[in-house]
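Visitor: Mind looking at a prediction? Sequence and model below.
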Amino acid sequence: DVKVTQSSRYLVKRTGEKVFLECVQDMDHENMFWYRQDPGLGLRLIYFSYDVKMKEKGDIPEGYSVSREKKERFSLILESASTNQTSMYLCASKREGLRTDTQYFGPGTRLTVL
Amino acid sequence: AQSVTQLDSQVPVFEEAPVELRCNYSSSVSVYLFWYVQYPNQGLQLLLKYLSGSTLVKGINGFEAEFNKSQTSFHLRKPSVHISDTAEYFCAVSRNLNFNKFYFGSGTKLNVKP
């Protein structure tokens, strides 16, 4: 079974802090994703990585950056957290290629910024 | 831009009753359709997907969905729900077979009552 793990289930930070959200997958997937989930808005893609050190902006990249130094790990960074970044953050991974199996999701990190 | 509409934010239903969760997408040359389920405090799990072929797709846990191209719909159904089906359900669309760019609906919370 594919396993995608996220370092924290719940996180509370203060405005202006630098925040790191970590995601690790154990299936040697090439592609990894960071989404944020907000009530009534569904999931929105923040960043996508298709290989080590490679990234692409998603729909809402403002205020976020990412790092992928190793294939299995994809980090989301909030350089200076703000209250409007309070949300559920979901990481996902998938194998590269056409018609491959779909994205596999981690359990999520609920971030509260005070 | 592609959009996915889930008109019902919440659907209450009694146990053993049938249920239909509606999903409509904006028209496109080709789309690939997915339903995901999110149980409380968990990540998203794939229920079923439509890529091509038969328009009736069967998924896990007794769910099925029907792709209707003329109505641009992909409604999810189950003939008899259980308490354990209480969860949030997301419809998603991909416009290519890489499945790297999903457009998610806003979600429907299914509340199964005894």
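Guide: Structure's in. What do you need?
Visitor: Run through who's touching stretch A:92-99.
Guide: Residues outside stretch A:92-99 that contact it (Cβ atoms under 8 Å, 6 or more residues apart in numbering or on different chains): A:2, A:4, A:23, A:25, A:27, A:29-33, A:35, A:50, A:74, A:100-106, B:43-44, B:51, B:97-100. Glycine gets a C-beta too; all of them are placed from N, C-alpha and C.
Visitor: So what pairs up with the nearest residue to A:Ile46 once chain neighbours are set aside in the strands?
Guide: If the residues on either side of it in the chain are set aside, A:Ile46 comes closest to A:Trp34, at 4.5 Å by Cβ to Cβ, 6 or more residues apart in numbering or on different chains. Beta-bridge pairing for A:Trp34 (DSSP bridges): A:Tyr47, A:Cys91.
Visitor: Ok, B:Lys49 next?
Guide: According to DSSP bridges, beta-bridge pairing links B:Lys49 with B:Phe34.
Visitor: ok, it touching B:Val31?
Guide: No: the pair B:Lys49 / B:Val31 is not scored as a contact, 11.3 Å apart, by Cβ atoms under 8 Å.
Visitor: The lowest-mean-pLDDT helix or strand in chain B packs against which elements?
Guide: Counting by mean pLDDT, DSSP states H and E, chain B has its least confident helix or strand at strand B:102-104, which shows a mean of 89. Packing partners of strand B:102-104 (3 or more Cβ pairs under 8 Å, 6 or more residues apart in numbering or on different chains; DSSP states H and E): strand A:42-51, strand B:87-94.
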